[in-house]
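Colleague: this is a predicted model, with the sequence first.
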Amino acid sequence: MRRQVLMLTLLSAAAGANLSAADLTPHVTAIKAVGAEGAGNEAAGAAVRELSKEPASSLPALLAAFDGASPHAANYLRGAVEAIADRAAAQKQALPLKDIEAFVLDRARDPRARRLGYELLLNVDADVEGRIIPGMLLDPSPDFRRDAVERFVKAAKETPEANKSEAVALWKQALSGATDADQVKSIATELKKLGEKVDLVGHFGFLTQWKIVGPFDNRGLIGFAKSYPPEEKLDFAAKYEGQTGEVAWSDVKTEDEFGLLDIAKAVSPYKGAVMYLAADFVSDKDRAVEFRLGTPNAWKVWLNGEPLFGRDEYHRGMAIDQYRVKVALRQGPNQILIKLCQNEQTEDWAQRYQLQFRVCESSGIAVAPVVAARDINRTTVTVQAGGAE
């Protein structure tokens with residue numbers, strides 16, 4: 001609470017606020033206390049009504065209040081910010097534009113608040129997009145980065161055909177910040193037309209080389225909850241009793257430019273089965289990353305023997321970054337284990353047995369391993385019992 005009060009005090013002072021942070025803090029606290037299923041809504045609504053009376057100079061402090069706010073609380077805070085801005089516009093009162101812009105440019109701030117601040121600037125400053133967005137090509141906020149990519153795409157499309165090298169440079173700049181699949185695919189297509197090679201596997205950070213073992217039994221959907229030997233200990237020299245007889249670890253690799261590993265094609269179209277996949281990821285340092293995967297199958301994932309998360313769902317579609325799991329890599333080798341379950345449905349649309357997996361920052365920008373994925377026979381890791389819920 002003391003840190004929050006100090007933060008609001010500094011921001012309000014910088015913006016020339018007429019009220020102290022202590023005057024705003026009780027209302028902000030009430031809003032941040034709002035919970036699910038209506039808990040605290042009445043108090044939060046009353047707080048918004050009070051905050052909405054504040055002068056425009058309080059806007060930077062309210063934007064700062066988004067830090068750590070839940071989605072419910074952020075909606076209330078947005079309401080207060082928009083009410084203040086609307087009143088200021090109606091009364092022709094100036095906004096603290098310099099301080100709001102400084103907030104928007106602060107990458108450490110909550111991305112929802114930064115975007116809201118940018119929208120406030122757009123309403124009163126026609127030059128703000130050209131001044132701010134080009135510098136956000138590698139911004140941690142996907143929204144800002146997408147806008148920046150679009151500006152480079154537009155510039156590339158408008159480049160005369162005679163200036164091929166300039167167009168290529170602009171397309172490559174656009175690709176450097178693109179993580180949304182639609183933008184990446186469009187940019188890659190244009191670069192290929194210009195004779196450029198595009199490494200989409202490296203761009204996204206897909207893992208394409210795995211060790212695989214199975215099938216184990218998932219008839220009657222027993223496999224998701226059942227712990228098979230690879231969950232207890234990873235021993236790549238071991239052999240196990242599987243669904244169809246003795247099974248052992250082998251290597252599997254995909255050449256798909258979007259990192260799609262098709263187990264049904266690479267191994268066998270097993271039904272009512274569980275397969276385990278393992279990969280080694282070498283990190284240059286201790287760092288927070290996200291595992292992002294897409295699959296139409298039920299799955300669980302472990303990192304260095306610790307269960308992380310999973311979904312006991314089948315055939316609900318598949319997309320890049322369908323699932324996201326925040327993890328902490330340690331410096332050096334990190335071992336990833338995935339359990340992938342296929343059910344027994346016979347419909348054509350229920351035959352996919354696939355995985356797409358990548359490692360990236362929270363922004364979606366790929367995190368590359370120190371070395372390429374490699375043979376991990378050398379390692380035996382004890383896996384903690386249990387798993388994702």
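Modeller: Ah, there it is.
Colleague: least trustworthy helix or strand in the chain by mean pLDDT?
Modeller: strand 380-382 (a mean of 35; mean pLDDT, DSSP states H and E).
Colleague: show me the helices in this protein, by range?
Modeller: Secondary structure of the chain by DSSP state H: the helices cover 2-14, 21-32, 41-51, 59-64, 71-90, 97-105, 111-124, 128-132, 142-157, 164-177, 181-193, 200-204, 229-232, 263-266.
Colleague: any idea how far the nearest residue to residue 192 once chain neighbours are set aside lies from residue 184?
Modeller: Distances taken as CB to CB, 6 or more residues apart in numbering put residue 198 closest to residue 192, at 6.3 Å, once the chain neighbours are dropped. (C-beta placed from N, C-alpha, C; glycine too.) When distance is defined by CB to CB, to the nearest Å, residue 198 is 9 Å away from residue 184.
Colleague: likewise for residue 226?
Modeller: 38 Å.
Colleague: neighbour count: the two, which is higher?
Modeller: Taking other CB atoms under 10 Å, residue 226 and residue 184 do not tie; residue 184 has more neighbours (20 against 14).
Colleague: quick one: residues contacting the closest residue to that one other than its chain neighbours.
Modeller: Using CB to CB, 6+ apart and skipping residues adjacent in sequence, the residue nearest residue 184 is residue 178, 4.9 Å away. Residue 178 makes contacts with 145, 146, 149, 184, 187, as judged by CB atoms under 8 Å, 6 or more residues apart in numbering.
Colleague: what are the bridge partners for the closest residue to residue 370 other than its chain neighbours, then?
Modeller: Leaving aside its chain neighbours, residue 370 sits nearest to residue 282 (4.3 Å; criterion: CB to CB, 6+ apart). Per DSSP bridges, the residues bridged to residue 282 are residue 333.
Colleague: okay, now residue 282: neighbour count?
Modeller: 16.
Colleague: can you dump the C-alpha coordinates of stretch 304-315 into CSV?
Modeller: Taking Å, rounded to 0.1, in the frame of the first residue of the first chain, the C-alpha atoms of stretch 304-315 are listed here in CSV:
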residue,chain,number,x,y,z
ASN,A,304,12.6,-30.2,-15.8
GLY,A,305,10.4,-32.8,-14.2
GLU,A,306,7.8,-30.4,-12.8
PRO,A,307,4.2,-30.6,-14.0
LEU,A,308,3.0,-27.4,-15.5
PHE,A,309,-0.4,-27.6,-17.1
GLY,A,310,-2.7,-29.5,-19.4
ARG,A,311,-6.1,-29.8,-21.1
ASP,A,312,-8.2,-32.9,-21.2
GLU,A,313,-10.0,-31.9,-24.4
TYR,A,314,-10.2,-33.4,-27.8
HIS,A,315,-10.8,-32.1,-31.3
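Colleague: many thanks, I have nothing further to ask.
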